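1. give me coordinates for this.
(chains A and B)
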Protein chains: 2
Amino acid sequence: MLVVHHLGVSQSERIVWLCEELGIPYELKNYARDAVTRMGPPDYKALHPLGTAPIITDGAVTLAETGAIMEYILAKYGDDGLMVKPDAPGYADYLFWYHFANGSVMPAEMSAMISNRLLKDQPVGKALMARSDRAFAMTEARLGEVPYLAGQDFTAADIVSVFALTTMRAFTGRTLDDFPNIRAYLARIGARPAYQRAMKKGDPDMAPMLA
Amino acid sequence: MLVVHHLGVSQSERIVWLCEELGIPYELKNYARDAVTRMGPPDYKALHPLGTAPIITDGAVTLAETGAIMEYILAKYGDDGLMVKPDAPGYADYLFWYHFANGSVMPAEMSAMISNRLLKDQPVGKALMARSDRAFAMTEARLGEVPYLAGQDFTAADIVSVFALTTMRAFTGRTLDDFPNIRAYLARIGARPAYQRAMKKGDPDMAPMLA
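-> Below you'll find the model as predicted:
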C-alpha cells in the first residue's frame, strides 16, 4: 500500500495532490511541524536519511525527493495522461517546466526565504532575490502564452510547480500583484476538485494562497 | 543536429559527458566566462530566457535545465542502458539519486558557495553549510555500499551527480579528506574514457578535481 507521509505546510502537498489527481488508493499520514521551531518532528525525520518532505513508503520502498517520488508514482500507478511522452510535440516544454520547478525555482525560493528572513536589507539579500524574480517573470510570461505550463493541457509539470507559487510565498513574502497571468492560472488550479481535496486532507487549517 | 552550448567550468560539463558516454554525434560550442565577473557571456545568456548553463539546441528545440536536457537526450537519442527502467529492481534508487542531485545537492552546494564567499564566519553561513554536509555524508555512506549511485552499474544518476563532487568544490572550498568512498568513486569515474574526453573537449585548461 502506498503511504504518503505528509509534513504539514510543506512541499509534500504536491504528492497528496498527485495521488488525488490520479485517483489511486493511498494512505495519508499527516505530521505536524514543531510549534516553535517549525521543523519536522523526529518521527518524520526518522523515515529517511534526507529527512525532508516529501517521503513515501510503498512496500519495501522508502523514497524521498519530490521529482523522484512523482516519477515513481506516475510510472508504477499509471500517469493518466499527466506525463507528455517523448514522441508528443510538447515533450521538450514539458521536460523544461517539470525540471525547472525543482532544479531552479525551488532553490531560488529557498534563497528568497533566507533573504526575506535574515538578509532583507543587505546587498547579498537583494542578490539572492534576483533568481526568484527571474523565475516568477518567466512563469508569468509562459502563462500569458498557454493555459498550463506544458502547453494546452494540465500535466505533472503543473503539480510540481504550484507549491512555489502558493504555499511557499508565506515564507518569501512575495505578493502576486504584478503577476496577473499567474493569478488567473492559480484560479484555474484552485477550481480543480483534486487540488481542493488534497489541500483539505493534507492541510485542513491552511487556506491555499491562490491570490 | 544536436548542439551542446557549454559554458566553461560549469554544470554543462555533464551534458558533454553524457554525449560522450552515449557516443552520439553532437556539435560542441564552448563559451568562456567573463574574466573579471566570471559570468556567462552575453551570447550565452541570449540563448534561453533562463540564461544558465547548460543549454542545448536541437533543430527547433532550445532547452535549458540539466535534468530536462539529460532526459531529452536519453529519450531522443537512446539511453544505452544508462537509465534504470520502472520494472528493474533498482528503479527507486536510480530515481532518488538522479533527482537528489539537482533537487537537493546542487541547491545545497549553491548555499555552500554563498556561505564560503560571503558569510563564512557568520552563524547563517554555518547553517547554510549543514545541507551540504548532509548531502556529502549521504553520498559517502551510499558509496560504501555500492560502486555507483544507483547500485552495481554506472547510470545517468552518476553523470548528473559528479559535478557537485568535483568542479563545484572549487567554489565551496570543501575537501574530500573525510570522504574515502567518494575519493575511490571519483577514481573510477576519472578512469572512464568518455569522462576524460568530455573534460578535455569542454574544459581543456581545467584539471578535474577528482581528489
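
2. can you name the residues of chain A that neighbour chain B?
-> A:49-52, A:61, A:63-68, A:71-72, A:75-76, A:86, A:91-92, A:95-96, A:98-100, A:102-104, A:106-107, A:110-111, A:114, A:118-119, A:124, A:128, A:134, A:138, A:141 (CB under 8 Å from any CB of the partner chain). C-beta: built from backbone N, CA, C; applies to glycine.

3. can you turn the buried part of those into a PyMOL selection?
-> The buried residues among the residues of chain A next to chain B can be selected in PyMOL (16 or more other CB atoms under 10 Å in any protein chain shown) with this line:
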select buried, chain A and resi 50+52+63+64+65+66+67+68+71+72+76+91+92+95+96+98+99+100+102+103+104+106+107+110+111+114+118+119+128+134+138
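
4. what about the residues of chain A next to chain B, which are in strands?
-> Among the residues of chain A next to chain B, the members falling in strands (DSSP state E) are A:V61, A:L63, A:A64.

5. partner residues bridging the last one?
-> Residues in a beta bridge with A:A64, per DSSP bridges, are A:I55.

6. how about the contacts made by it?
-> Residues in contact with A:A64 (CB atoms under 8 Å, 6 or more residues apart in numbering or on different chains) are A:L47, A:H48, A:L50, A:T52, A:P54, A:I55, B:F96, B:F100.

7. same question for the first one.
-> Shown in contact with A:V61 (CB under 8 Å, 6+ apart): A:Y72, B:A92.

8. which element, helix or strand, includes the residue most central in space within chain A?
-> For chain A, the residue sitting closest to the mean C-alpha position, by CA atoms, centre = their mean, is A:F163 at 3.4 Å. A:F163 is located in helix A:156-165, with elements delineated by DSSP states H and E.

9. what is that helix packed up against?
-> For helix A:156-165, the elements it packs on are helix A:13-22, helix A:66-77, helix A:91-100, helix A:123-142, helix A:180-190, judged by 3 or more CB pairs under 8 Å, 6 or more residues apart in numbering or on different chains; DSSP states H and E.

10. same thing but at 10 Å, please
-> Judged by 3 or more CB pairs under 10 Å, 6 or more residues apart in numbering or on different chains; DSSP states H and E, the packing partners of helix A:156-165 are helix A:13-22, helix A:66-77, helix A:91-100, helix A:106-118, helix A:123-142, helix A:180-190, helix A:193-202.

11. B:D177: which of the ones you listed is closest?
-> helix A:106-118 (27.2 Å; CB to CB).

12. can you give me the end-to-end span of stretch A:159-176?
-> 19 Å (CA to CA, to the nearest Å).

13. run through the residues that contact A:K45.
-> Residues in contact with A:K45 (CB atoms under 10 Å, 6 or more residues apart in numbering or on different chains) are A:L7, A:Y31, A:M39, A:G51, A:T52, A:I55.

14. okay, those in CSV with pLDDT next?
-> CSV is the format used below for those (pLDDT from 0 to 100):
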residue, pLDDT
A:L7, 97
A:Y31, 97
A:M39, 90
A:G51, 90
A:T52, 92
A:I55, 98
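
15. biggest separation within these, which pair?
-> A:M39 and A:I55 (14.7 Å).

16. quick one: which of these two has more around it?
-> Higher neighbour count among A:M39 and A:I55: A:I55, with 26 against 12, using other CB atoms under 10 Å in any protein chain shown.

17. got the CA coordinates for the helix or strand bottoming out on mean pLDDT in chain A in CSV?
-> Lowest by mean pLDDT, DSSP states H and E among the helices and strands of chain A is helix A:106-118, with a mean of 89. Extracted as CSV, the C-alpha positions of helix A:106-118 are listed here (Å, rounded to 0.1, in the frame of the first residue of the first chain):
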residue,chain,number,x,y,z
MET,A,106,12.7,25.9,-5.5
PRO,A,107,16.4,26.7,-4.9
ALA,A,108,15.5,30.3,-5.9
GLU,A,109,12.6,30.4,-3.4
MET,A,110,14.8,28.9,-0.6
SER,A,111,17.2,31.7,-1.3
ALA,A,112,14.4,34.2,-1.3
MET,A,113,13.2,32.8,2.1
ILE,A,114,16.7,33.3,3.5
SER,A,115,16.8,36.8,2.1
ASN,A,116,13.3,37.6,3.5
ARG,A,117,14.1,36.3,7.0
LEU,A,118,17.8,37.1,7.6
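
18. so that helix versus helix A:91-100, what angle?
-> 30 degrees (axes from the mean of the first three to the mean of the last three CA atoms, to 10 degrees).

19. for helix A:106-118, packing partners?
-> helix A:123-142, helix A:156-165, helix A:169-172, helix B:106-118, helix B:123-142.

20. tell me which of the ones you listed sits nearest to B:G173.
-> B:G173 lies closest to helix B:106-118 among the helices and strands packed on helix A:106-118, at 4.6 Å (CB to CB).

21. which ones are touching the residue nearest to A:G8 when sequence neighbours are not counted?
-> Nearest in space to A:G8, with sequence neighbours left out and distances taken as CB to CB, 6 or more residues apart in numbering or on different chains, is A:A32 at 5.2 Å. Going by CB under 10 Å, 6+ apart, A:A32 touches A:L7, A:G8, A:V9, A:G40, A:P41, A:Y44, A:D205.

22. so who does the second one touch?
-> By CB under 10 Å, 6+ apart, the contact list for A:G8 reads A:30-33, A:38, A:40-41, A:44, A:53, A:202-206.
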